[in-house]
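*Asks:* Below are the sequence and a predicted model; questions follow.
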Amino acid sequence: MTDSPLRVLAIAAHPDDLEFGVAGTIALWADQGAEITWVMVTNGAAGNNEPGADLAALRLTRREETLASAAICGVKDVRFLDYADGTLTPSLELRKDLTRIIREVRPNRVILQDPTQVFVGNFYINHPDHRASGEAALYAVFPSAGTRPIFPELLAEGYEPHDVDELWIDLTEKPDTWVDITTTMDRKIAALLCHKSQVGEDVIPMIKQWAADAGKDQGYAFAEGFRVMKLKQEPPTAEAANPTSQN
C-alpha cells in the first residue's frame, strides 16, 4: 500500500475538449486529492471561422480560458504543446512529446480521446485532431513510455521509463465505466463557460442532457462515461490460480 496521491494525466486535442467530456470527473478526483495534469495538444487557433480573424490573439485567449477552466476543476498543472489546430497528425514527434510528459509526471491513470471513434451518432463526424491526439497518446502510454530503447534521447534528458496503471478513454460510444458527477456538474458547466470565445450559456441544456443520459441507466443524476483498461492487473489469488482446490 502507498499513501501517495493518485496521479492523473488528461490529454486532449483542443482547449474545451476536456470540459465537454470529462471535467466533472476531473473535478471530483481533484476533490478526492488526486494530482492532475492537463495537456492541450493544439493551440486552438482554428476556433474562429470569420474572415480576417486574429488567430494569433485567439491562441492566447484560448490559453487563458483553459487556465481559468483548469482552476475551477482543481487542476494546477496545465501543459500546452502548441501544435497547429486542425491539421494534427499522430506523428512520432507528438508521441515523443507525450512520452516525455508521461515519464515526467509518472501518472497512475491517463485519460485520452478514443482514436477509433469516427462517427458519433448520426449527427457528428469526430474531429480528426481528436483521433490524432488519442492515437499519439495511446502509443505514448504503450509502448513508448515504458520501453527504454524507444526515444533514447529522453533517457539522456533524465526521463526514465514509466508504466501507466490505467487508461481511461473518453469521447467513446463504447463506455463500460461511469462516474457519478452529480456533485460536480455545476463546476463542469462553469469550467466549460470559461471558453467564452467558443461557447455561451445556450450550450448548458445540451451538456446537462448528455450527462443525464450517461447517468440514467446507472442511477446517477449526471455522469460521464469511459472505456477503462487496467494495464496492470492484480496478481491472481491462490483460489483463482487453482480453481479445482477445495476449501
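*Replies:* Perfect, thanks for sending it.
*Asks:* Low-confidence ranges, the protein, go.
*Replies:* Low-confidence segments of the chain, defined by pLDDT under 70: 1-2, 235-247.
*Asks:* all strands for it, in order.
*Replies:* Along the chain, counting by DSSP state E, strands occupy 7-12, 35-42, 77-83, 109-113, 119-120, 124-125, 166-170, 177-180, 223-230.
*Asks:* I'd like those strands as CSV, with mean neighbour count and distance to residue 215 appended.
*Replies:* Every C-beta, even on glycine, is put in place using the N, C-alpha and C of the backbone. CSV is the format used below for these (neighbours: other C-beta atoms under 10 Å; distance: least, C-beta to C-beta, whole Å):
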stretch, mean neighbour count, distance to residue 215
strand 7-12, 25, 20
strand 35-42, 25, 22
strand 77-83, 17, 28
strand 109-113, 26, 19
strand 119-120, 12, 19
strand 124-125, 8, 21
strand 166-170, 21, 15
strand 177-180, 18, 7
strand 223-230, 20, 3
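*Asks:* Quick one: those strands as a markdown table, columns for distance to residue 201 too.
*Replies:* Shown next, in a markdown table, are the strands of the chain (distance: least, C-beta to C-beta, whole Å):
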| stretch | distance to residue 201 |
| --- | --- |
| strand 7-12 | 22 |
| strand 35-42 | 23 |
| strand 77-83 | 24 |
| strand 109-113 | 25 |
| strand 119-120 | 23 |
| strand 124-125 | 21 |
| strand 166-170 | 24 |
| strand 177-180 | 24 |
| strand 223-230 | 21 |
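*Asks:* how about these, which one is nearest residue 21?
*Replies:* strand 166-170 (4.5 Å; C-beta to C-beta).
*Asks:* angle of that closest one against strand 109-113?
*Replies:* With axes from the mean of the first three to the mean of the last three C-alpha atoms, to 10 degrees applied, the angle from strand 166-170 to strand 109-113 works out at 30 degrees.
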